[in-house]
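Novice: Sequence and predicted structure, then a few things I'm wondering about:
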Amino acid sequence: MSRLNRIERRSALALACVISLRLFGLFLVMPVFSLYAQKLPDATPLLIGLALGVYGLGQVLLQIPLGLLSDRIGRKPAITLGLLVFVAGGLVAALSHTLAGIVAGRALQGMGAVAGAGTALMADLTREEQRGKAMGIIGVSIGVAFLLALVLGPPLEALDGLSGLFAATSALALASLVLLWLIVPTPERAQAPAAATFGRVLAMLRDGRMLVLNGSVFFLHALLTASFVGLPLLLAERLRLPVNRHWELYLPVMVIAALVMGACMHRMKEVRQSLRIVMLCVVAIGLSLVGFAVSGAHLAWLGVAATAFFSAFNLLEAALPSLVSRLAPGHLRGAAMGAYSTSQFLGAFVGGAVGGLALGRLGTGGVFLCAAALTLAWLPLVIAGARRIDRAAAAQAQAQPA
């Protein structure tokens, strides 16, 4: 079995740092934002939710255009443009003294949508047979960034406040920019398209087999964003846990969740088994959200619910992209990933809005109950999608000559 060569290994590790540093900054705000946003003069529950999720709308609108732009001006210039927009958004949020200003800054951060161009640059720098390994390195780095952000966000916020965290997001994006130009190799020419056309992405959004995966990542990130509207408030108000100690919950929970993911990954080699795991994860997420709502002042119960939630989240973050790459037609794989990413970021935006509305009308517990109710729409989608995929696989097997 061939391995990544020196250039491919360097490219994968460097690009993983570029992408994960930017996302680390984006995630850093999530575990503390809703708690401190309440103190701003124009704070409303809906604006709090929108401020958390609005970056997803910018990603949806500009991810494909920036990817296509990289075909014309080059990968690195396009990524640079996106990172500079992201830096500007972080500074706008850091300097804002109102929630409306922070919403504008977060929207601007979302417009720095470099995922498509970054994926294309990785494709340009690797052989096709090694591309999956390189993408896997990037995926692991994103997971580590999310874990570290949950653990480090609360104590860092206690040191320099919310504006300091937003400033840190801009500084991390600038660090990504330095890594991009100093360490990531520059390909001689583009070897793979940065992003599919809008028409092909729309086709993949409508595709029957892809619908279960696009719908799943939509619900997954909607529920994640909605949960972080309520979770910091739950820890501070019900459990009386100071924000600089929230890491005491997140650290053991995320370590256990990472171990669960590692133990289950070998069971995801077959599509059918992967889909069964997806179903179990949906049920686990629904039950854990109910657990958040009814945990009261019991830290142990909350820890159990959080462990179930983040274990299922981590498993789905690993399983869903893999299923997309396996089920999408080879010539439409780029379009399928574009549709998948679009669904993911749209889910983050919707989740923030739903979480904000639920917080205003139903309180903190209502946020989690509304999120749990969404799994009642998600689970039938997965069950029906799994049956459709099984039928398609059976038909394909019958069509093949003996």
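Specialist: Perfect, thanks for sending it.
Novice: Check which residues of the helix or strand containing Leu202 are buried.
Specialist: Leu202 is part of helix 198-206 when elements are defined by DSSP states H and E. Neighbour-count burial for helix 198-206, counted by 16 or more other CB atoms under 10 Å, picks out Arg200, Val201, Ala203, Met204, Leu205. From N, CA and C alone the C-beta is placed, and that goes for glycine too.
Novice: Kindly give the local confidence score, pLDDT, for the closest residue to Val253 other than its chain neighbours.
Specialist: Sequence neighbours aside, Ala306 is the residue nearest to Val253 in space, at 4.6 Å (criterion: CB to CB, 6 or more residues apart in numbering). pLDDT, Ala306: 93.
Novice: Please report how far Ala306 lies from Pro187.
Specialist: The gap separating Ala306 from Pro187 is 42 Å, by CB to CB, to the nearest Å.
Novice: ok, now Met337?
Specialist: 19 Å.
Novice: ok, now Gln109?
Specialist: 27 Å.
Novice: same question, Asp160
Specialist: 39 Å.
Novice: Ok, Leu251 next?
Specialist: From Leu251 over to Pro187 (counting by CB to CB), the distance is 39 Å.
Novice: Looking at those two, which one has more neighbours?
Specialist: Pro187 (20 against 15; other CB atoms under 10 Å).
Novice: Assign a three-state SS to that one, would you?
Specialist: Under DSSP: H, G, I helix; E, B strand; the rest coil, Pro187 falls in the coil class.
Novice: Leu95 - how many residues pack around it?
Specialist: 13.
Novice: what's near enough to touch it?
Specialist: Neighbour list for Leu95: Gly101, Ser163 [criterion: CB atoms under 8 Å, 6 or more residues apart in numbering].
Novice: likewise Ser295?
Specialist: Ser295 neighbours (CB under 8 Å, 6+ apart): Leu234, Arg238, Trp301, Leu302, Ala305.
Novice: and Asn214, how many neighbours?
Specialist: Using other CB under 10 Å: Asn214 sits among 26 other residues.
Novice: confidence score at the residue nearest to it when sequence neighbours are not counted?
Specialist: The shortest distance from Asn214 to any non-neighbouring residue, by CB to CB, 6+ apart, is to Ser343 (4.0 Å). On pLDDT, Ser343 comes in at 88.
Novice: Just to check, Gly230 is in contact with Leu369?
Specialist: No: counting by CB atoms under 8 Å, Gly230 stays clear of Leu369, with 9.9 Å between them.
Novice: neighbour-wise, which of the two wins?
Specialist: Gly230 (28 against 17).
Novice: Please report the distance of Ser311 from Val253.
Specialist: In terms of CB to CB, Ser311 sits 9 Å off from Val253.
Novice: what stretches of this protein score poorly on pLDDT?
Specialist: 1-2, 128-129, 131-132, 135-136, 189-198, 268-269, 325, 330-334, 392-402 (pLDDT under 70).
Novice: Can you give me the domain assignment for it?
Specialist: What automatic domain parsing lists as the domains of the chain is 1-195, 196-402.
Novice: Skip the chain neighbours and tell me the closest residue to Gly58.
Specialist: Gly110 (2.5 Å).
Novice: Provide the backbone phi and psi angles at the one you found.
Specialist: Torsion angles at Gly110 (phi, psi; degrees, to the nearest 10) stand at phi -60, psi -30.
Novice: my guess is it contacts Gly53, does it?
Specialist: No: Gly110 is not in contact with Gly53 according to CB under 8 Å; the separation is 9.3 Å.
Novice: More neighbours: the two, which one.
Specialist: Using other CB under 10 Å, the more surrounded residue of Gly110 and Gly53 is Gly53, with 31 against 26.
Novice: helices and strands around the strand or helix carrying that one, which ones?
Specialist: Taking DSSP H and E as the criterion, Gly53 maps to helix 45-73. Of the remaining helices and strands, those touching helix 45-73 by 3 or more CB pairs under 8 Å, 6 or more residues apart in numbering; DSSP states H and E are helix 33-37, helix 75-95, helix 99-111, helix 115-124, helix 208-233, helix 333-399.
Novice: Which elements pack onto the helix holding Leu202?
Specialist: helix 208-233, helix 333-399.
Novice: SS state for Arg3?
Specialist: coil.
Novice: re earlier: for the helices and strands packed on helix 198-206, which one ends up most surrounded?
Specialist: helix 208-233 (a mean of 24; mean count of other CB atoms under 10 Å).
Novice: Which secondary structure elements does that helix sit against?
Specialist: Other helices and strands packing on helix 208-233, by 3+ CB pairs under 8 Å, 6+ apart, are helix 33-37, helix 45-73, helix 198-206, helix 271-294, helix 299-327, helix 333-399.
Novice: Looking at these, which is nearest to Ile137?
Specialist: When these are compared by CB to CB, helix 299-327 sits nearest Ile137, at 13.1 Å.
Novice: between that closest one and helix 208-233, what angle do the directions make?
Specialist: Angle between the axes of helix 299-327 and helix 208-233 is 160 degrees (criterion: axes from the mean of the first three to the mean of the last three CA atoms, to 10 degrees).
Novice: what angle separates helix 299-327 from helix 271-294?
Specialist: Computed with the same axes, to 10 degrees, the direction of helix 299-327 lies at 150 degrees from that of helix 271-294.
Novice: Tell me who's in contact with the residue lying closest to Gly49 once chain neighbours are set aside.
Specialist: Residue nearest to Gly49 in three dimensions, not counting chain neighbours: Gly356, with 2.1 Å by CB to CB, 6+ apart. Contacts of Gly356 were listed using CB under 8 Å, 6+ apart, and they are Thr44, Pro45, Leu46, Leu47, Ile48, Gly49, Leu50, Leu52, Val229.
Novice: Relative to Gly356, how far out is the third one?
Specialist: Remark: distance between Leu46 and Gly356 (CB to CB) = 4 Å.
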